[in-house]
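Undergrad: Give the three-dimensional model of this entry:
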Amino acid sequence: MRHAKRVDANQDAIVATLRAAGAYVWIIGLPVDLLVGFANHTWLVEIKRDHKARLTALQADFFQSWSGGTLARIDSPDAALRMIGVLNEKP
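TA: Residues are numbered from 1 along each chain as shown. All right, here's what the predicted structure looks like:
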């Protein structure tokens, strides 16, 4: 029996922020947390609780092996907005 995977506490805020900015967000869970579309671009997104959190073995393999569209690892609503280009990079 599979157990539900633990969702990072910041996921709801990140998803809400992306949707409020006009992005289409699909929560997929595996191999990464989100599929995001905005301005004719697609991202596969892994959410972590902070910048120090490690990828699981499955996620690390996926990040290393993926040869498709953009992969992103984010940890905050601001990082999500920077990812889609709505918020400028940090100074």
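Undergrad: low-scoring stretches of this structure, by residue?
TA: Scanning the chain for pLDDT under 70 picks out 1-5, 89-91.
Undergrad: phi, psi of the residue nearest the centre of it?
TA: For the chain, the residue nearest the mean C-alpha position is residue 45 (2.6 Å; CA atoms, centre = their mean). When quoted as degrees, to the nearest 10, the phi and psi of residue 45 stand at phi -120, psi 130.
Undergrad: list the contacts for it?
TA: Going by CB atoms under 8 Å, 6 or more residues apart in numbering, residue 45 touches 32, 33, 34, 35, 36, 71, 72, 73, 74, 80, 83. Bear in mind the C-beta positions are built from the backbone N, C-alpha and C, glycine included.
Undergrad: count of neighbours near residue 38?
TA: 17 (other CB atoms under 10 Å).
Undergrad: residue contacts, the closest residue to it other than its chain neighbours?
TA: Distances taken as CB to CB, 6 or more residues apart in numbering put residue 23 closest to residue 38, at 4.0 Å, once the chain neighbours are dropped. Each residue near residue 23 by CB under 8 Å, 6+ apart is listed here: 36, 37, 38, 84.
Undergrad: Output those residues as JSON lines; include the columns distance to residue 19.
TA: Output for the contacts of residue 23, formatted as JSON lines (distance: CB to CB, whole Å):
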{"residue": "36", "distance to residue 19": "10"}
{"residue": "37", "distance to residue 19": "11"}
{"residue": "38", "distance to residue 19": "10"}
{"residue": "84", "distance to residue 19": "11"}
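Undergrad: And the furthest pair within those?
TA: Using CB to CB, the contacts of residue 23 span at most 9.4 Å, a distance reached by 37 and 84.
Undergrad: out of those two, which sits in the more crowded spot?
TA: residue 84 (20 against 15).
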